[in-house]
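Undergrad: give me a 3D structure for the following:
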Amino acid sequence: MSGRSGGTDPRRMSEGQRAYEARRAAKAGMSLERWLAEKEKRAREAAAPGAAKAEPAKPAKKPGFFARLLERAQKPL
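TA: Have a look, this model is predicted:
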């Protein structure tokens with residue numbers, strides 16, 4: 001689902017990409033096909049709108065030291 005034409009489709013992957021993914025799959029203890037299926041599943045879940053939990057809004061961060069100095073310098077005496 002990415003904008004790149006390569007993706008994780010084993011038919012479209014170059015030999016270097018296939019070797020890289022095969023090493024990652026071996027490191028995870030999976031077959032290449034299973035690794036690519038899990039990777040695609042994770043990509044779909046991450047791209048699904050609304051699937052990610054909405055984080056509560058964080059309070060505004062206190063301005064830094066120099067920002068406060070500049071703000072005070074702008075105020076009239």
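Undergrad: dead centre of the chain: give me the residue that sits there.
TA: By CA atoms, centre = their mean, the mean C-alpha position of the chain lies nearest to Ala46, the distance being 8.0 Å.
Undergrad: secondary structure element for that residue?
TA: Taking DSSP states H and E as the criterion, Ala46 maps to helix 32-47.
Undergrad: which residue ranges of the protein form helices?
TA: 15-28, 32-47, 65-74 (DSSP state H).
Undergrad: which one of the ones you listed lies nearest to Pro56?
TA: helix 32-47 (20.5 Å; CB to CB). C-beta coordinates here come from the backbone N, C-alpha and C atoms, glycine included.
Undergrad: what angle do the closest one and helix 15-28 make?
TA: Per axes from the mean of the first three to the mean of the last three CA atoms, to 10 degrees, the angle that helix 32-47 makes with helix 15-28 is 90 degrees.
Undergrad: can you pull the buried residues of helix 32-47?
TA: Leu32, Trp35, Leu36, Lys39 (16 or more other CB atoms under 10 Å).
Undergrad: counting by contacts, list what that helix packs against.
TA: Counting contacts by 3 or more CB pairs under 8 Å, 6 or more residues apart in numbering; DSSP states H and E, helix 32-47 is packed against helix 15-28.
Undergrad: list the buried residues for the helix it packs on?
TA: Glu21, Ala22, Ala25.
Undergrad: per-residue pLDDT of Met13, please?
TA: Looking at Met13, its pLDDT is 86.
Undergrad: how many other residues sit next to it?
TA: 18 (other CB atoms under 10 Å).
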